[in-house]
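K.L.:
What follows is a predicted structure for the sequence shown.
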Amino acid sequence: MKVCSSDDVKEAIKIEDIIHEDEPLTERKRGRYRQGRIHDTIIIDTQRQCFYLNARGEQGDVYTWLQLHR
């Protein structure tokens, strides 16, 4: 039985997919960033798999988003 690490989970679950369930995001045209459609202070770095919610001074990975917003 293989034990999954937190990095394995992060690779399998993309942060932009999780955040998009809670907050509509702009379509990715090119580049690595996506932004919230309603709250434009949400910026997602799809390459580093992290978010910045500038209006609240929050930032982190998918685990941080889930802890703070679900």
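P.N.:
On my side now, so go ahead.

K.L.:
From here on, just use CA atoms for contacts and neighbour counts.
P.N.:
Will do.

K.L.:
who touches the residue nearest to the spatial centre of the chain in this structure?
P.N.:
Most central in the chain under CA atoms, centre = their mean is residue 15, positioned 3.3 Å from the mean C-alpha point. Contact partners of residue 15, counting by CA atoms under 8 Å, 6 or more residues apart in numbering, are 44, 46, 49, 50, 51, 61, 62.

K.L.:
doesn't residue 61 make contact with the third one?
P.N.:
Yes. Residue 49 sits in contact with residue 61 when judged by CA atoms under 8 Å, with a separation of 6.3 Å.

K.L.:
Span of stretch 57-65 from start to end?
P.N.:
13 Å (CA to CA, to the nearest Å).

K.L.:
Can you pull the phi/psi pair for residue 66?
P.N.:
Backbone geometry at residue 66, expressed as degrees, to the nearest 10, gives phi -60, psi -40.

K.L.:
Ok, residue 33 next?
P.N.:
Note on residue 33: backbone dihedrals following degrees, to the nearest 10 are phi -110, psi 140.

K.L.:
May I have the beta-bridge partners of the closest residue in space to it that isn't next to it in sequence?
P.N.:
Excluding the flanking residues, the one nearest residue 33 by CA to CA, 6 or more residues apart in numbering is residue 45, at 4.8 Å. Counting by DSSP bridges, residue 45 is bridged to residue 33, residue 50.

K.L.:
Run a quick neighbour tally on residue 45.
P.N.:
Residue 45: 17 surrounding residues under other CA atoms under 10 Å.

K.L.:
Roughly how far does it sit from residue 3?
P.N.:
Going from residue 45 to residue 3 by CA to CA gives 27 Å.

K.L.:
Check residue 47 too.
P.N.:
For residue 47 relative to residue 3 (CA to CA), the value is 25 Å.

K.L.:
okay, those two: which has more neighbours?
P.N.:
The neighbour comparison of residue 47 against residue 3 (other CA under 10 Å) goes to residue 47, with 10 against 6.
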